[in-house]
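S.K.: Have a look at this fold, sequence not included:
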């Protein structure tokens, strides 16, 4: 968590440093035009990715399949487009990495593996809690099924259906 916070604080400083260095190398106008072109490309990618993801998800649902792969691809393209919209060259490079099909597949697989591992841990933790709650001496009474008695009400009185 601290590493993420540190990265979040250092990222704008690094972007500004790279922006100034590139501006000194190729000039202000060329740097400005590159940043604007990158942002315009990012907006275009976000629009196209959203539409393409919606269409492919609809097709998958029509075939009766879950569109998990299409949704993850669309998410990565949206993240890549969002990074392109941010002004700066580091975010543009990261955005382009998210947009390339090969690296996008690698990132999607990595995210899917982490999500599956997290879900497995959560299920195991829930199973441990469930088994600890039902064991004697765990401090909580074991959950019981309620006893259901069928009956009918006649003139405000209760009369069981099966008279024993």
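M.R.: Thanks, I have it. All values reported here derive from a predicted model rather than from experimental measurement.
S.K.: Residue 83 - how many residues pack around it?
M.R.: 22 (other Cβ atoms under 10 Å). C-beta: built from backbone N, CA, C; applies to glycine.
S.K.: Residue 86 versus the residue nearest to it when sequence neighbours are not counted, what's the distance?
M.R.: Spatial nearest neighbour of residue 83, chain neighbours left out: residue 95 (3.2 Å); criterion: Cβ to Cβ, 6 or more residues apart in numbering. Applying Cβ to Cβ, to the nearest Å, the value for residue 95 to residue 86 is 8 Å.
S.K.: neighbour-wise, which of the two wins?
M.R.: Neighbours were counted for residue 95 and for residue 86 using other Cβ under 10 Å; residue 95 has more, 22 against 18.
S.K.: got the contact list for the more buried one?
M.R.: 38, 42, 79, 80, 81, 82, 83, 84, 86 (Cβ atoms under 8 Å, 6 or more residues apart in numbering).
S.K.: and the fifth one, what helix or strand is that in?
M.R.: Mapping residue 81 onto the secondary structure by DSSP states H and E places it in helix 68-85.
S.K.: For that helix, buried residues please.
M.R.: For helix 68-85, a neighbour-count test (16 or more other Cβ atoms under 10 Å) marks 70-85 as buried.
S.K.: For the chain, which segments count as strands?
M.R.: Using DSSP state E, the strands of the chain run over residues 151-154, 157-160.
S.K.: For the first one, buried residues please.
M.R.: What it means is strand 151-154. Under 16+ other Cβ under 10 Å, strand 151-154 has no buried positions.
S.K.: one step back: if we only consider the buried residues of helix 68-85, which is nearest to residue 47?
M.R.: Checking the buried residues of helix 68-85 against residue 47 by Cβ to Cβ gives residue 81 as the nearest, at 8.1 Å.
S.K.: OK, contacts around the closest one?
M.R.: Applying Cβ under 8 Å, 6+ apart, the residues near residue 81 are 42, 43, 44, 45, 46, 49, 95, 99.
S.K.: now with 7 Å?
M.R.: The contact partners of residue 81, taken as Cβ atoms under 7 Å, 6 or more residues apart in numbering, are 42, 45, 46, 49, 95.
S.K.: Can you flag which of these belong to helices?
M.R.: Of the contacts of residue 81, the ones assigned to helices by DSSP state H are 42, 45, 46, 49, 95.
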